[in-house]
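[1] take this sequence and fold it.
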Amino acid sequence: MSERLPSPPELPQGGLLKSLAFCWFAWACVLVACEGVAAGPLGDPLPKAHLDRPARSAPLQIADADSEPDGVQLTTASTNALLKQGDIIVNTLEVHNAAAGQKIRIQNSNHGANSFTTSFSAAIRAAIANVPGVTFTQITEQQMEIVLVAGSYRIPIAQTVTDQAVPAGVDDANWAPGPQLQVDWLLSGAPANGASVVSGHTVVSKWITNADQGQAAQATPQGGPSDARWSLLRSIPNIGPGDVVTFEIDQTNYVLTFPTALKLAVDGESTANDADFAKALGEAIRAAGGADASYDSRTGILTFGPKTVFPFTFSMTAGPTSGNKDYILRISDNQIGQIDVARAGVRLGTLSVQPVKPLLGVNEASGEFGVGAPFFKYAYPGKDRIDWAAEQGFGIIRVPFLFQNIQATSGAPLNEGAMRQLDPVLIECAARRMICLLDLHNYGSYYQDSTVAGQGLPGAINVSNARLAELWAQIAKRYANNPSVWFGLMNEPHQQTALMWVKTANAMAAAIRATGATNKIVFQGTAWDGAWSWTTSGNAVQMLKAYDPGSNFAFEAHQYLDADGSGTSANCVAGSAARLAPFTAWLQKHGLQGIIGEIGWGANPSCTSEATTLLDGWRAATTATSAGGYIGLTYWANGPWWPDSYMYLAEPRPFPAGTEPVQLQTLKTYLPR
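    Next comes the predicted model:
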């Protein structure tokens, strides 16, 4: 999603219900029952011996049942958002005036779901053992269907946090010190004879922390020469006569203690040269270098001294030119480290962006719900949903996936079996003449180079931009001949600075183009890719440095309409539709194409009003020419594994013949004609 909640606790953008993109039917997750401790009927701890006592003749009735609405709600006795190792948490199913035989489903999900002492199914079994007459069916290890008895009563579910460490590179709650893992408990009525679920009591979210590990994780490793990463960027996509472009060379992860050199030269694919600028390349570098950097124009060798401040920048002013030309620089032959971003180019003249008819559609999410076997941990949309989307008139769907499900380790080949689950989605999109925006839904993380399971931030020590880029190169080779496939490089990066992220994005774009693939590349910004924070997050400056050698690209931003823009509430606030303005103005100013990749709102009059205003603004800023503006919007979210009660759902349930939600009705009035 787009932003974070205010503290305390400040949910990460995409926390809670956006985490349902990880969550609902997120088959990768495991929670557990409390080991050695159970809970009494009102949530009080009981000795383990209680589990061995004979069952009561009937469940304990809630005395104040009439004070609550009929149905089932999920509550917790824990007021602390953060759970530490060894903590016990008790989540309670409060049943009010149930009819015998009604059913509910409960499950756990998200990154912290493995961080409990036993499986989630074991926790449910232990809880139900204390409630006579209530039975269950295990759907998966993480999802249970519970058959209720008549009456009003409580079913407390106790669990204990394990002492395992939080994996490197994962932090679901950057509002708190150290790394945390989010864990969600989710409640819904069963598909058949489902009990009513009380609105606002369907999700409980907590964060598992390791304070000691967090302190260690904040330390910055020193690194050695091999950790150095070089990047070449330029400040703006295109310039006219008299305009200035600034090139920058950055070196990270290593502090120079002796002079080092690399080669900087005009790339062989450049159609412009030094004659097109007021000063030649060598003159511009020498004017900027001072005593800390030197450049030999004959050899192209650029030498940096130990006192060089990075990024090292130099500026060039365009002279008169006829037509459009591309001035492209390349760095190579580095003496230390590796090169993450080797090329950067600026258009002298007009930025020619391929026109696209504006497209409206939905996120068909479920492919990001968990890590493991397809249809047990995650699922992609089937032909039925793609056909349905096309029949509604939608021209684009966004399909999230996780790198862990298609690649075993850093640098490994694609998992052929896993890719064959994804292939039919893209084939069906092409058959229906729909765009499929492939969305790598990993929040800015990737495998560590040297471990099997660890993750971190690409571009940092031991997490290679080049290897993440090679993942996209493999995907690009597979789908290069399918113009219906667009490449969404990464969902909601947020721990990186905008400058750090654009280097990673450019590395991926360069690798895609090196395969010969011409598919549209969609760049995202950092700070959860928020539209309303586009200028304050640094994206407005740094994402202008995004460079696609194939010049077929767009930019994606996300925006929600609840109080903090996080997409965690069914309530919208007045004026929230204006949040698109910073991103819209940026696109139009620089002649760039944009997509709203995620947007969602609740099914109530105030939200419908704000959504209508926002969609009016989006439509007014759409463009089918090369001018800057919007070429797409995909609503969050639809998909086969969302519960019927999900507040942002925009598909009929039962699917596809049920009643259309108001969100779907609103969206369809804005279909491009």
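[2] need the contact list for residue 537.
    498, 525, 526, 527, 530 (C-beta atoms under 8 Å, 6 or more residues apart in numbering). (Each C-beta comes from the backbone N, C-alpha and C, glycine too.)
[3] low-scoring pLDDT stretches of the stretch 101-250 of the chain, where are they?
    Per-residue confidence of the stretch 101-250 of the chain (counting by pLDDT under 70) places the weak regions at 163-169, 173-177, 199-200, 210-222.
[4] so residue 111 touches residue 183, yeah?
    Yes - in this structure residue 111 lies within contact range of residue 183 using C-beta atoms under 8 Å: 7.4 Å.
[5] higher neighbour count, these two?
    A count of neighbours by other C-beta atoms under 10 Å puts residue 183 above the other of residue 111 and residue 183, at 29 against 25.
[6] what distance do you get for that one to residue 378?
    18 Å (C-beta to C-beta, to the nearest Å).
[7] just the C-alphas of stretch 385-404, formatted as CSV.
    Taking Å, rounded to 0.1, in the frame of the first residue of the first chain, the C-alpha atoms of stretch 385-404 are listed here in CSV:
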residue,chain,number,x,y,z
ARG,A,385,-11.1,-15.0,-13.5
ILE,A,386,-9.3,-13.8,-16.6
ASP,A,387,-12.4,-14.4,-18.7
TRP,A,388,-14.5,-12.6,-16.1
ALA,A,389,-12.2,-9.6,-16.0
ALA,A,390,-12.3,-9.4,-19.8
GLU,A,391,-16.1,-9.6,-19.8
GLN,A,392,-16.3,-6.7,-17.4
GLY,A,393,-14.3,-4.6,-19.9
PHE,A,394,-11.1,-4.5,-17.9
GLY,A,395,-8.0,-4.2,-20.0
ILE,A,396,-5.3,-5.0,-17.4
ILE,A,397,-4.7,-7.2,-14.4
ARG,A,398,-1.9,-7.1,-12.0
VAL,A,399,-0.6,-10.5,-10.9
PRO,A,400,1.6,-10.7,-7.8
PHE,A,401,4.2,-13.4,-7.3
LEU,A,402,7.1,-14.1,-5.0
PHE,A,403,10.7,-14.8,-6.0
GLN,A,404,10.9,-17.6,-3.5
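[8] save the contacts of residue 537 as a markdown table, and put in secondary structure and pLDDT too.
    Formatted as a markdown table, the contacts of residue 537 follow (DSSP: H, G, I helix; E, B strand; the rest coil; pLDDT from 0 to 100):
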| residue | secondary structure | pLDDT |
| --- | --- | --- |
| 498 | helix | 94 |
| 525 | coil | 97 |
| 526 | coil | 94 |
| 527 | helix | 93 |
| 530 | strand | 95 |
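[9] mind putting these into JSON lines with neighbour count?
    Below are the contacts of residue 537 laid out as JSON lines (neighbours: other C-beta atoms under 10 Å):
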{"residue": "498", "neighbour count": "19"}
{"residue": "525", "neighbour count": "30"}
{"residue": "526", "neighbour count": "27"}
{"residue": "527", "neighbour count": "23"}
{"residue": "530", "neighbour count": "28"}
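[10] farthest pair within those?
    Maximum pairwise distance among the contacts of residue 537 (C-beta to C-beta): 11.6 Å, between 498 and 530.
[11] just send the contacts of residue 537 back as TSV, with distance to residue 655 too.
    Putting the contacts of residue 537 into TSV (distance: C-beta to C-beta, whole Å) gives the following:
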residue	distance to residue 655
498	39
525	33
526	35
527	34
530	31
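[12] and which of these is nearest residue 631?
    Taking C-beta to C-beta as the measure, residue 631 sits nearest to residue 525 out of those, at 16.9 Å.
[13] look up how far residue 536 lies from the closest one.
    11 Å.
[14] what residues are shared contacts of these two?
    With C-beta under 8 Å, 6+ apart, residue 525 and residue 536 have no common neighbours.
[15] residues in contact with residue 573?
    In this structure, residue 573 makes contact with 561, 562, 563, 610, judged by C-beta under 8 Å, 6+ apart.
[16] and it, which of the three is it?
    Three-state call for residue 573 (DSSP: H, G, I helix; E, B strand; the rest coil): coil.
[17] and it, its phi and psi?
    Note on residue 573: backbone dihedrals following degrees, to the nearest 10 are phi -110, psi 150.
[18] show me where the stretch 301-450 of the chain has helices.
    For the stretch 301-450 of the chain, the helices defined by DSSP state H, counting those that start in this stretch cover 383-392, 416-431.
[19] centroid-nearest residue for this structure?
    By C-alpha atoms, centre = their mean, the chain has its centre lying nearest to residue 491, at 3.1 Å.
[20] list the buried residues in the helix or strand where residue 475 lies.
    Using DSSP states H and E, residue 475 maps to helix 465-479. Of the residues in helix 465-479, 465-476, 478-479 count as buried by neighbour count, 16 or more other C-beta atoms under 10 Å.
[21] which residues of the stretch 1-150 of the chain fall in helices?
    In the stretch 1-150 of the chain, the segments counted as helices under DSSP H, counting those that start in this stretch are 20-23, 120-128.
[22] for the chain, what helix or strand is lowest in average pLDDT?
    Ranked by mean pLDDT, DSSP states H and E, the weakest helix or strand in the chain is strand 45-47, scoring a mean of 25.
[23] count of neighbours near residue 86?
    If you count neighbours by other C-beta under 10 Å, residue 86 ends up with 10.
[24] ok, residue 411 touching residue 469?
    No - judged on C-beta under 8 Å, residue 411 makes no contact with residue 469 at a distance of 10.7 Å.
[25] CA atoms only: put stretch 620-640 into PDB for me.
    The C-alpha coordinates for stretch 620-640 follow below in PDB (Å, rounded to 0.1, in the frame of the first residue of the first chain):
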ATOM      1  CA  ALA A 620      -8.800  13.600 -16.500                       C
ATOM      2  CA  ALA A 621      -5.000  12.900 -16.300                       C
ATOM      3  CA  THR A 622      -5.100   9.800 -18.600                       C
ATOM      4  CA  THR A 623      -3.300  10.100 -21.900                       C
ATOM      5  CA  ALA A 624      -3.300   8.000 -25.100                       C
ATOM      6  CA  THR A 625      -0.500  10.100 -26.600                       C
ATOM      7  CA  SER A 626       3.200  10.600 -25.700                       C
ATOM      8  CA  ALA A 627       2.300  13.300 -23.200                       C
ATOM      9  CA  GLY A 628       2.700  12.700 -19.500                       C
ATOM     10  CA  GLY A 629      -0.200  11.200 -17.600                       C
ATOM     11  CA  TYR A 630      -1.900   7.900 -16.600                       C
ATOM     12  CA  ILE A 631      -2.000   4.800 -18.800                       C
ATOM     13  CA  GLY A 632      -3.400   2.400 -16.200                       C
ATOM     14  CA  LEU A 633      -5.100   1.700 -12.900                       C
ATOM     15  CA  THR A 634      -5.500  -1.600 -11.100                       C
ATOM     16  CA  TYR A 635      -7.800  -1.900  -8.000                       C
ATOM     17  CA  TRP A 636      -6.700  -3.800  -4.900                       C
ATOM     18  CA  ALA A 637      -7.900  -6.500  -4.800                       C
ATOM     19  CA  ASN A 638      -9.600  -9.600  -6.200                       C
ATOM     20  CA  GLY A 639      -8.400 -13.200  -6.300                       C
ATOM     21  CA  PRO A 640      -9.400 -16.700  -5.600                       C
END
